[in-house]
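Participant: How does the following fold in three dimensions:
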Amino acid sequence: MTTFSEGTVDAVVIGAGHAGCEAALALARTGIKTVMLTLNLDSIGFMPCNPSVGGTAKGHLVREIDALGGEMGLNADRSALQYRMLNEGKGAAVQSLRAQVDKNRYHTEMKRVLEHTENLRIVQGEAAEILVENLNDTPSFADGDSSPSMGSQGPTCPPLEGWVSRSDGRGVLPPRVIGVKTTYGGIFSCRAVVIATGVYLNAQTITGEVVCDSGPNGFSRATALTQNLIDLGFKVRRFKTGTPARLDGRTVERAALDLQPGEMTYPFSFLNDSVPTEQTPCYLGWTNEATHRVILDNLDRAPLYNGQISSTGPRYCPSIETKVVRFSDKARHQLFLEPEGADTTEVYVQGLSTSLPHDLQKEMYRTVKGLEHCDIVRYAYAIEYDCIDTLDLLPTLEFKKVEGLYTAGQINGTSGYEEAAAQGLMAGLNASLKLRGLPPLVLRRDEAYIGVLIDDLVTKGTEEPYRMMTSRAEFRLSLRQDNADLRLTEYGHGCGLVTEERYMVYRNRLKLRDSVMGALNLRAEHGIADMVVAKYGGQPLTSGVSYADLIRRGIPLSAIMEAFGILSDVPKDVLLSCETEIKYEGYLKRAAAEAEKARRMDKAPLPPDLNYGSIEGLRLEAREKLNKIRPLTLGQAERISGVSPADIAVLMVYLSLRN
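Facilitator: Coordinates of the predicted model:
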């Protein structure tokens, strides 16, 4: 094939899903000349699964993306049909914002933003090869892994101790990216590449006995890149996910289902003040014995149970077949009917993901009350795809074996739009920082859910599609949705992604929060305070109290505001942030102390060329895991599955003697 130049740029982003969009914007908005390469411009920001953004722990990720200067929260607010706050009856740490969005508008709005972004060129085409120089001169350790790299420390971003240049002391240049070649022979010369191919690599959709070589929703798949990734040293494996059918909303009996209206909560983006008063409702339904009987009587035709599908699927978002078989004691399973958009009759049936044949899908859906006469407009399917082992990545999401090569999103074995977008932003931003000669941005586990997500991937790896959950975050009381800007906007501004306009909004919110905290520490009128305390079953007051004291006594801030007529014009998330800081002050102080201990461990670097096999006292499993992952710090080593506290003690003694 004849090759030709497509020009020279700084970076290429492969893929235009949620990871690719955030990566491209992070690069271009920080002054990096960028090309986004996508199989189809109509798939930019596409939602192949549920038409929603956020959810448990995922809402945290979206607000963190926004706080850092990303686009997902803004785009979700622009296209939102309905908002709800999940877990509102529980503590602030696990409350999560979720929005139904118009999936077509989400796509068109994201495409519009990308098309009008300076430094960004969008090209429709398929990547065939990552071009790399010095590939055969890779310096290696005993186990074959190349040394991690990073530039010098600096004040712009939080430091990550223990990172050194790959060529440091070796006299051999590392393999590094020099370009991307397309299937048509076009070559983009560049110094950094972010691979964000989603579920498109060698994708196959499976419905009953029918297997199609296709990406999601009938889009073309990508077939040229997988072998190149293997040749570069990636470990490639096969994962699976799936999606439910879409119904014609005109054939759904909504009166037979439970109404789920929207809520007047706060939006995703810190740049927006409120949510729409008019929102589109969703509906709830249930499977039943007849639904389950259709499945159980036909398991021999179910690809998940007849051996047709052998790849690993998501544990926390299983198909209806898996739920019925695994939870055979449950008489019913909940499902949600969600609108696909304002200009379509299509309805998404969350909770009924399946890969059954079309005839059985039709029979199964019509067993549900309210769906007895439903027509399917898009049948459900499972999809298998290639992804990589994230233990081959640095905490910046850069590939350990090739400098300038980053991966983000479902190619990293994660599931979900929000997890993908968070990785895309961090991969794009770190590629930008490296190209600008600045230190990396690596968020700690006590700083962000994004930090937890990436640390889990590069330290523990994943053997199944990874989903973010609040239970994964040990510092979740500090990592709330309401304070994401307090935790992260300074970092985004320091790295050049948060604009001065956004930063000014943040500074004004910070001033407002400080004024609210000051107001809550004022003395409350004694008589009214007595009545409020009595209403909530407290002991009579013997002395004056502040509004903050009332919160510490367990009285909700909303009740205090109503009784005293204060703070009525303050945004809900600011009020929640202040109330939580006061209510859980003691817990937060203890969490801060634990976080400081973890930070001290992460400040203890491990030599990149350390031969763990030669360290006496380390257990065999620990030696194997440490040699495979090659942690950068003692803190990262401590979080590796299979490395015990005793192994960490051995490492600490070894390092002290070595120094």
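Participant: okay, CA-based contacts and neighbour counts for the rest of this
Facilitator: OK.
Participant: Touching the lengthiest helix in the chain from outside, list them.
Facilitator: The longest helix of the chain (DSSP state H) is helix 500-520. With C-alpha atoms under 8 Å, 6 or more residues apart in numbering as the contact definition, helix 500-520 has outside contacts at 69, 270-271, 485-486, 489, 493, 546-548, 567, 574-575, 578.
Participant: Now do the next helix or strand after it: distance to the chain's middle.
Facilitator: Counting by DSSP states H and E, the next helix or strand C-terminal to helix 500-520 is helix 526-535. Mean-position distance between helix 526-535 and its chain equals 45 Å (C-alpha atoms, centre = their mean, to the nearest Å).
Participant: likewise stretch 209-218?
Facilitator: Worked out by C-alpha atoms, centre = their mean, stretch 209-218 lies 26 Å from the chain centre.
Participant: Tally up the residues packed near L620, please.
Facilitator: 13 (other C-alpha atoms under 10 Å).
Participant: circling back to that earlier point, can you pick out the most distant pair from the contacts of helix 500-520?
Facilitator: Pairwise distances across those peak at 36.8 Å for G69 and S546 (criterion: C-alpha to C-alpha).
Participant: Would you mind telling me which of the two has more residues around it?
Facilitator: Each of G69 and S546 has its neighbours counted (other C-alpha under 10 Å); G69 has more, 30 against 17.
Participant: Could I get the contacting residues of that one?
Facilitator: Contacts of G69 (C-alpha under 8 Å, 6+ apart): 489, 492-493, 497-499, 502.
Participant: Can you pull the phi/psi pair for it?
Facilitator: Main-chain torsions, G69, degrees, to the nearest 10: phi 110, psi 10.
Participant: how far away is it from L81?
Facilitator: As judged by C-alpha to C-alpha, to the nearest Å, G69 and L81 stand 23 Å apart.
Participant: Tell me how many other residues crowd C387.
Facilitator: Neighbours of C387 (other C-alpha under 10 Å): 28.
Participant: Report pLDDT for the residue nearest the centre of the chain.
Facilitator: Most central in the chain under C-alpha atoms, centre = their mean is E419, positioned 1.5 Å from the mean C-alpha point. pLDDT, E419: 98.
Participant: my guess is it meets M469, correct?
Facilitator: No - assessed by C-alpha atoms under 8 Å, E419 is found out of contact with M469, at 10.6 Å.
Participant: Need the residues touching each of these two.
Facilitator: Contacts common to E419 and M469, judged by C-alpha under 8 Å, 6+ apart, are K58.
Participant: what bridges to Q204?
Facilitator: In this structure, Q204 bridges to E384 when assessed by DSSP bridges.
Participant: Need the pLDDT of it.
Facilitator: So Q204 comes in at 97 (pLDDT).
Participant: Next up, the contacts around it.
Facilitator: When contacts are counted by C-alpha under 8 Å, 6+ apart, Q204 touches 211-215, 383-385.
Participant: Got a ChimeraX select line for the buried ones in these?
Facilitator: Selection of the buried residues among the contacts of Q204 in ChimeraX, burial being defined by 16 or more other C-alpha atoms under 10 Å:
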select :213,214,215,383,384,385
